[in-house]
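Colleague: give me coordinates for this.
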Amino acid sequence: MRTGLLARFTLGCLIAAGSFSARAQDLDKPLLLVASPQTAGFYGKAVVLVMPQSAGHVGFIINRATRKTVAAAFPDEPDAAKVDEPIYLGGPKNTQALYALVRKDPGEGSRRVIDEVFLAVGSDALDRVIRTSPHEARYFVGFATWGQGELAREIARGAWLTAEPDEGMLFHSHPAYMWSALQERIGQTRQASAAR
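Modeller: Numbering: from 1, shown residues only. Modelled structure (predicted):
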């Protein structure tokens, strides 16, 4: 398939094998970043799946579906032309490359995110996802990055709230409501903690 052309410049250099590195506190594992209500601009009301990597963090906005589908992006590719799943705007970097979160291991060219959720970044892995489990995936163009210590500083100044990622939220059936649902869940968790 030609999805490899779009994925040629993938996150391979950012998410190389074994490059998920340990960090202090919760930033050493995948997290959901939930834009605080005061955050405006590109990241206003964004929910971002973020993962540590050797030089900081990399992530995908998971609640910004575009109007373009995989089929519309690749009409001349027989397997892709059957996939009516929307493509999400994952972030401002490398928006000409396609990535996928998938509910099972697509093999080489992918990285485990949580449990049985994997990120397909290599062109072969993307092709396997599109051929074998296209409706078990969420597709993204672009990603977001944070340099070393940058994300911790943004969280400390209140730009982001954090939550544990779970499969249900990563593949939420109504992504337009994800931000408000997480705001409510985080608020309830804080209230319960304060009541103890």
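Colleague: and the longest helix along the chain, what's buried?
Modeller: As assigned by DSSP state H, the longest helix anywhere in the chain is helix 178-195. Using 16 or more other C-beta atoms under 10 Å as the test for burial, helix 178-195 gives M178, W179, A181, L182, Q183, I186. The way it works is simple: take the backbone N, C-alpha and C, and place the C-beta from them, glycine included.
Colleague: cool, stretch 86-102 as well?
Modeller: Applying 16+ other C-beta under 10 Å to stretch 86-102 flags 86-91, 94, 97-102 as buried.
Colleague: tell me the pLDDT at L49?
Modeller: Looking at L49, its pLDDT stands at 97.
Colleague: and the gap between it and G59?
Modeller: 6 Å (C-beta to C-beta, to the nearest Å).
Colleague: comparing these two, which shows the higher neighbour count?
Modeller: The neighbour comparison of L49 against G59 (other C-beta atoms under 10 Å) goes to L49, with 27 against 23.
Colleague: quick one: residues contacting that one.
Modeller: P30, L31, L32, L33, G59, F60, I62, L101, V113, P165, L170 (C-beta atoms under 8 Å, 6 or more residues apart in numbering).
Colleague: try it again at 7 Å.
Modeller: When contacts are counted by C-beta atoms under 7 Å, 6 or more residues apart in numbering, L49 is found next to P30, L32, G59, F60, I62, P165, L170.
Colleague: do R185 as well
Modeller: A163.
Colleague: can we see that at 10 Å?
Modeller: By C-beta atoms under 10 Å, 6 or more residues apart in numbering, the contact list for R185 reads V34, L161, A163, M169.
Colleague: return every residue with contacts to both of L49 and G59.
Modeller: Common contacts of L49 and G59 (C-beta under 10 Å, 6+ apart): P30, L31, L32, L33, G90, F143, A144.
Colleague: could you dump those into a markdown table with secondary structure and distance to Y43 added?
Modeller: Below are these laid out as a markdown table (DSSP: H, G, I helix; E, B strand; the rest coil; distance: C-beta to C-beta, whole Å):
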| residue | secondary structure | distance to Y43 |
| --- | --- | --- |
| P30 | coil | 18 |
| L31 | strand | 15 |
| L32 | strand | 13 |
| L33 | strand | 9 |
| G90 | coil | 12 |
| F143 | strand | 13 |
| A144 | strand | 8 |
